[in-house]
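A.B. asks: What follows is a predicted protein model with its sequence.
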Amino acid sequence: TQINPKGKVPALIRDDGSLLTEFPVIALYLARMNPERELIPTDIEGEIRVLEMTEYLVSTVHMQGYTRARRPEKFAPSEADHAAVKAQGLKIFQAGLDRAERQINGKDWLFEKMTIADFALFYLEHWCVVNGIGKLGQSCQAHHDRLWANVEIRRAIESELIT
C-alpha cells in the first residue's frame with residue numbers, strides 16, 4: 001500500500017512519478033512506450049483482439065479462476081465452502097488454459113507475433129508449473145518454456161520471487 005493504495009500488484013511508477021496500476025494498462029503503456037518491440041498490433045482489429053485476450057486472462061482466468069483455487073477465503077468466509085470455491089476456481093482456470101491452448105495450436109504465440117497477451121498467459125502458465133494448479137497442454141507448455149528460456153524474463157521473475 002506504500003506504492004499502490006489499492007494494495008495489489010502490479011504497480012509501475014513512471015519517470016514523472018505518476019502511478020499506473022492493473023496489468024492490462026501497464027502492459028499497454030509499456031508496449032506503446034517501446035513500439036520497436038511490436039508487442040501490440042497497430043491495426044485496430046489486431047489491437048482489440050490482443051486487449052480482449054489480455055483482459056480475459058487477467059480478469060477471468062487469473063482473478064476468477066486462479067485466485068479462487070489458491071485463496072478460497074477471499075470468496076467464501078466459511079471454511080466449509082472452501083473446497084467448492086477451489087473446485088470452481090480450478091474449472092475456470094483450466095478452461096482459460098484450454099482456450100489458450102486451442103488459440104496457440106502449435107504456433108509460437110497467441111497471435112501472429114508475441115504480444116502483451118503472451119505475457120499475461122505466461123504468468124498463468126508459470127503459476128501452473130510452479131504451484132501444480134491446472135494442467136498445461138503441449139502448446140502452452142512450449143509457450144511457457146519459450147518465454148522462461150529468456151534470460152531477462154527469468155531474471156525478473158526470480159528477482160521478485162513471483163510464484
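C.D. replies: Okay, I see it.
A.B. asks: So which residue is smack in the middle of the chain?
C.D. replies: The C-alpha lying nearest the average C-alpha coordinate of the chain belongs to Ala120 (CA atoms, centre = their mean; 2.7 Å).
A.B. asks: Ramachandran angles for the residue lying closest to it once chain neighbours are set aside?
C.D. replies: What sits nearest to Ala120 in space, not counting adjacent residues and going by CB to CB, 6 or more residues apart in numbering, is Leu57, at 4.1 Å. The way it works is simple: take the backbone N, C-alpha and C, and place the C-beta from them, glycine included. Main-chain dihedrals, Leu57, degrees, to the nearest 10: phi -60, psi -40.
A.B. asks: from the middle of its chain, how far away would stretch 57-66 be?
C.D. replies: The chain centroid and the centroid of stretch 57-66 are separated by 8 Å under CA atoms, centre = their mean, to the nearest Å.
A.B. asks: which residues in the protein form strands?
C.D. replies: Along the chain, the stretches classed as strands by DSSP state E are 11-13, 19-21.
A.B. asks: Kindly reformat those strands as CSV containing distance to Glu38, mean neighbour count and mean pLDDT.
C.D. replies: Shown next, in CSV, are the strands of the chain (distance: least, CB to CB, whole Å; neighbours: other CB atoms under 10 Å; pLDDT from 0 to 100):
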stretch, distance to Glu38, mean neighbour count, mean pLDDT
strand 11-13, 20, 15, 91
strand 19-21, 21, 14, 94
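A.B. asks: Can you list the low-confidence ranges for this protein?
C.D. replies: 161-163 (pLDDT under 70).
A.B. asks: just checking, what packs against the longest helix seen in it?
C.D. replies: Ranked by number of residues, the top helix in the chain under DSSP state H is helix 82-104. Using 3 or more CB pairs under 8 Å, 6 or more residues apart in numbering; DSSP states H and E, the elements in contact with helix 82-104 are helix 67-70, helix 116-131, helix 138-148.
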